[in-house]
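S.K.: need a 3D model of the following:
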Amino acid sequence: NINFSFNFFNALVLLLREVLNRIQFRLNQSQLEELDDETLDDDQQTEWQRYLRQSLEVVARVMELLPSQTFSVLFPVLQEDLDIYLGLQQFIVRSGTSRRLNITAEADCRKLHCALRDLSSLLQAVGRLAEFFTGDVFSARFNDALAIVQRLVEVSCYGSQISLYDVEMAVPSVLKPDLIDVHAQSLAALQAYSHWLAQFCGEVQRQQDQTQFVDLIRSSMAATTPLINAKVPEKLLLSACHLLVSMATTVRPVFLVSLPAAQNIFSLITDNHNHRLPQEAHVLVCRALSNMLLLPWPSLPEAEQQWQSRSANHTRLLSSLTQQYRLLPRSGCRLALSDTCKAAIQQTLCVLRDLVDSISVEATKSRQICYHSLQESVQVTLALFPLFIQQPDVTDEMLSFFLTLFQALRVQMGVAFTEQIIQTFLSMFTREQLAVSILQEGSSGSKVVQKFLKILQVVVQEPGQTFKPLLPSILSLCLDQVYPIVSERSCPDVKAEMFELLFQILHQNWRFFFKSSVLSSVQRTGAEELMENQAQFIAAMQAFGQSFLQPDIHIFKQNLSYLEVLNTKHKLYHRKLFRNTMLFHFINVLLQVLLHKSHDLLQDDITLALYNMAAVDFPAFYSSFLPEFLNGCQGLDPHQRTSLARNFTPERDLPSFSQGVYRIVNDLRFYRLCNGSLPPGTLKL
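M.R.: Model (predicted):
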């Protein structure tokens, strides 16, 4: 056993060395250069990126088994390429205001190219291993992790200080992307250790000496903030933004917002947008700044969270970010003609939606402060909505914003304002407007209707009586306005959301239709059920039934599962109205679907639903429904009908019932096939 373990560990180390060799350009350049690093596959990866990722997974698995040996193999290789990168500063020659990298010989450029590609890969390897330093092993592996993070901070600071992406060089088409990638990967690797830094943050809260931790954060910010500039290459800019978000969201040091580097970013973002960042970077930076002020500091009691001053600062931040946006309603109807105004709406709402989404699962206090800062912008958006109802690209952005608000902040918004928003939407989405939007499948207009239906889903799922007064209007929109448009057309996306809304109305608001509880209805066996809004309930059930006659298998599966949930939770199939007027219609439709083999992939789901429906009244199913069903089947003679009924034995357990269903369906198909292709009377029973 000892020999086996020794040999096994040796084999793993050899495997690790071989994998590291195979991803290094300085050892394997000709083969690696053949890998495509431009064309993206379905996972948005190039051939090279996929190869590297798979190789790094092997490294990670070896690390899991042999942590110390993995680092003893990996770090000398990393250090070799780091020395080359950190030594580039001595080759920078200044000439006036320009700087040039004085490495021009072809062999040297090739060597540098290989070293930079390898350094980028090894930095990704170091980042991939971050998970092996957190949790239970934090203390045991603290020194190793600290050395790694300090090294990553050093490399990141070095890259930001000498900004090699801005230096003139030989073969810039090759070396400049290499230098940008190494810098970006150093930041990404540092970001990978944000969970380790967060655990370190929690540890130092209980200690007197926080010097090491504070230095790491201060240096990380010093490496990050100079890159948050519109003139920085986008790949590098986004890496810096993501690291900033992780510092604010995952690590959350108390002193982060007060660092001069952080204050500089606040000034940059709120300074009238003179040097506006690209949209993606702008959204990320705004998220980071907002989270610095909104997210509770770890390991600190509520009394020390400084909510009052943080709330005031957050209000000022959002006031600055939305300054131009909040002035838009004064422009009136001219807005609809202005591309500039449309762009401002979309850009601002994209930022605000992201800020809300980022705190959606946070504590109540964070969400209260967020909504307080947003209130005026929410009112402005509601005021602008009617002006843009004919422009689905803008209303799509507005409804995306409101959907996020409803999902994250509906409690903070309050009942009255929520009702005002919904009533505004309901009044704007007329039958004509819905028809125009829905019938352009895949268009912005269709997406707008989907978002609106999603918002209503959130509203009808709210527990208690808060939004019950809105149910009649929402049901009317569903059944009288949306359903007539989609019932005979494909419209799969809108149809799926509409049925989801109908299901949620029924599931979450069952007592809107049935006043008695499940228990009392069972106890009152046969007694009259107290039912309200019967016409709407019948219309909803008819819509579900109609969907089973359509070819869309996804809608069929979704709606069948909805009915089954309603039966499990609310005894739908047992309700007197359903049992007396709808039950056998549904059974008939589902049997016809099995018979026509139109939804064979759902055969088991359909059979289970048939069983649950038949189980409401097995005697009636076997004695009444089955003969009636067979009498209505075309292409059979009386003897065949009798034989089919006789062979379907009245079983009451699911497996036997299922076998009976499969047998009668297959026999029925066989008889029809034979009767249609042979002379009458040929097939004898």
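S.K.: where does pLDDT dip in the stretch 251-400 of the chain?
M.R.: 272-275, 331-337 (pLDDT under 70).
S.K.: 50 instead?
M.R.: 333 (pLDDT under 50).
S.K.: same question for the stretch 451-600 of the chain.
M.R.: The model of the stretch 451-600 of the chain has pLDDT under 50 over residues 524-527.
S.K.: show me the helices in it, by range?
M.R.: Taking DSSP state H, counting those that start in this stretch as the criterion, the stretch 451-600 of the chain contains helices spanning 471-476, 483-486, 492-508, 518-523, 534-547, 553-570, 576-581, 583-596.
S.K.: among those helices, show me which one is buried the most.
M.R.: Comparing the helices of the stretch 451-600 of the chain by mean neighbour count (mean count of other C-beta atoms under 10 Å), helix 492-508 ranks first with a mean of 21. (C-beta placed from N, C-alpha, C; glycine too.)
S.K.: name the helices or strands packed onto that one?
M.R.: helix 444-460, helix 471-476, helix 483-486, helix 534-547, helix 553-570 (3 or more C-beta pairs under 8 Å, 6 or more residues apart in numbering; DSSP states H and E).
S.K.: can you redo the ones you listed as CSV with distance to Gln592?
M.R.: Below are the helices and strands packed on helix 492-508 laid out as CSV (distance: least, C-beta to C-beta, whole Å):
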stretch, distance to Gln592
helix 444-460, 29
helix 471-476, 29
helix 483-486, 22
helix 534-547, 12
helix 553-570, 13
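S.K.: mind listing what Val153 touches?
M.R.: When contacts are counted by C-beta atoms under 8 Å, 6 or more residues apart in numbering, Val153 touches 190, 216, 219-220, 223.
S.K.: nearest to Lys447 among those?
M.R.: The nearest member of these to Lys447, counting by C-beta to C-beta, is Leu190 at 37.8 Å.
S.K.: could you check which helix or strand contains that closest one?
M.R.: Here Leu190 sits within helix 172-192, counting by DSSP states H and E.
S.K.: beyond that helix, next helix or strand please.
M.R.: Under the assignment DSSP H and E, the closest C-terminal helix or strand after helix 172-192 is helix 194-204.
S.K.: how about the residue lying closest to Asn533 once chain neighbours are set aside, phi and psi?
M.R.: Leaving aside its chain neighbours, Asn533 sits nearest to Phe513 (5.4 Å; criterion: C-beta to C-beta, 6 or more residues apart in numbering). Per-residue torsions, Phe513: phi -110, psi -40 (degrees, to the nearest 10).
S.K.: residues near Phe513, how many?
M.R.: By other C-beta atoms under 10 Å, 21 other residues sit near Phe513.
S.K.: Asn509 reaches Leu470, doesn't it?
M.R.: No. Using C-beta atoms under 8 Å, Asn509 is not in contact with Leu470; the gap is 10.5 Å.
S.K.: in this protein, which spans are strands?
M.R.: According to DSSP state E, the chain carries its strands in the segments 92-95, 98-101.
S.K.: buried set for stretch 456-465?
M.R.: 456-460, 462 (16 or more other C-beta atoms under 10 Å).
S.K.: I'd like those residues laid out as a markdown table, including distance to Ala288.
M.R.: Shown next, in a markdown table, are the buried residues of stretch 456-465 (distance: C-beta to C-beta, whole Å):
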| residue | distance to Ala288 |
| --- | --- |
| Leu456 | 33 |
| Gln457 | 31 |
| Val458 | 27 |
| Val459 | 31 |
| Val460 | 35 |
| Glu462 | 31 |
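S.K.: tell me which of the residues you listed is nearest to Met63?
M.R.: Val458 (43.2 Å).
S.K.: which residues sit in contact with that closest one?
M.R.: Residues in contact with Val458 (C-beta under 8 Å, 6+ apart) are 403, 406-407, 410.
S.K.: list just the nearest of these to Ala435.
M.R.: Proximity of those to Ala435 (C-beta to C-beta) peaks at Leu403, which lies at 22.2 Å.
S.K.: so the closest one sits against Ile455, correct?
M.R.: Yes. Judged on C-beta under 8 Å, Leu403 makes contact with Ile455 at a distance of 5.1 Å.
S.K.: got a list of what the residue nearest to Asn533 touches?
M.R.: Contacts of Phe513 were listed using C-beta under 8 Å, 6+ apart, and they are 506, 531-534, 536-537.
S.K.: I'd like these as JSON lines, with distance to Pro551 appended.
M.R.: What follows is the contacts of Phe513, written out as JSON lines (distance: C-beta to C-beta, whole Å):
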{"residue": "Leu506", "distance to Pro551": "25"}
{"residue": "Met531", "distance to Pro551": "33"}
{"residue": "Glu532", "distance to Pro551": "35"}
{"residue": "Asn533", "distance to Pro551": "31"}
{"residue": "Gln534", "distance to Pro551": "31"}
{"residue": "Gln536", "distance to Pro551": "27"}
{"residue": "Phe537", "distance to Pro551": "26"}
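S.K.: now do the contacts for the residue nearest to Lys451 when sequence neighbours are not counted.
M.R.: Nearest residue to Lys451, sequence neighbours excluded (C-beta to C-beta, 6+ apart): Leu399, at 3.8 Å. The contact partners of Leu399, by C-beta under 8 Å, 6+ apart, come to 448, 451-452, 455.
S.K.: would you turn these into CSV with neighbour count and distance to Ile148?
M.R.: Shown next, in CSV, are these (neighbours: other C-beta atoms under 10 Å; distance: C-beta to C-beta, whole Å):
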residue, neighbour count, distance to Ile148
Val448, 27, 48
Lys451, 20, 44
Phe452, 26, 49
Ile455, 22, 46
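S.K.: widest-spaced pair of these?
M.R.: Comparing every pair within those by C-beta to C-beta identifies Val448 and Ile455 as the most remote, at 10.8 Å.
S.K.: state the distance from the spatially closest residue to Asp37 that is not a sequence neighbour to Leu35.
M.R.: Leaving out its chain neighbours, the residue that sits closest to Asp37 by C-beta to C-beta, 6+ apart is Trp48, at 4.1 Å. Going from Trp48 to Leu35 by C-beta to C-beta, to the nearest Å gives 4 Å.
S.K.: neighbour count winner among those two?
M.R.: Counted by other C-beta under 10 Å, Trp48 and Leu35 do not tie: Trp48 has more neighbours, with 18 against 13.
S.K.: for Gly414, find the nearest of the helices and strands packed on helix 492-508.
M.R.: So among the helices and strands packed on helix 492-508, helix 444-460 is nearest, using C-beta to C-beta, at 13.2 Å.
S.K.: now do that closest one: distance to the chain's middle.
M.R.: 17 Å (C-alpha atoms, centre = their mean, to the nearest Å).
S.K.: between helix 492-508 and it, find me the angle.
M.R.: Counting by axes from the mean of the first three to the mean of the last three C-alpha atoms, to 10 degrees, helix 444-460 points 10 degrees away from the direction of helix 492-508.
S.K.: let the chain start at 207 from now.
M.R.: In the new numbering, first residue 207, that becomes helix 650-666.
S.K.: mind saving the C-alpha coords of helix 650-666 as CSV?
M.R.: This file holds the C-alpha atoms of helix 650-666, laid out as CSV (Å, rounded to 0.1, in the frame of the first residue of the first chain):
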residue,chain,number,x,y,z
SER,A,650,-38.9,44.1,-29.1
GLY,A,651,-42.7,44.5,-28.9
SER,A,652,-43.2,40.8,-28.1
LYS,A,653,-40.4,41.0,-25.5
VAL,A,654,-42.2,44.0,-23.9
VAL,A,655,-45.4,42.0,-23.4
GLN,A,656,-43.4,39.1,-22.0
LYS,A,657,-41.8,41.4,-19.4
PHE,A,658,-45.2,42.9,-18.5
LEU,A,659,-46.6,39.4,-17.9
LYS,A,660,-43.6,38.6,-15.8
ILE,A,661,-44.2,41.7,-13.7
LEU,A,662,-47.8,40.6,-13.2
GLN,A,663,-46.6,37.2,-12.1
VAL,A,664,-44.6,38.8,-9.3
VAL,A,665,-47.6,40.8,-8.2
VAL,A,666,-50.1,37.9,-8.1
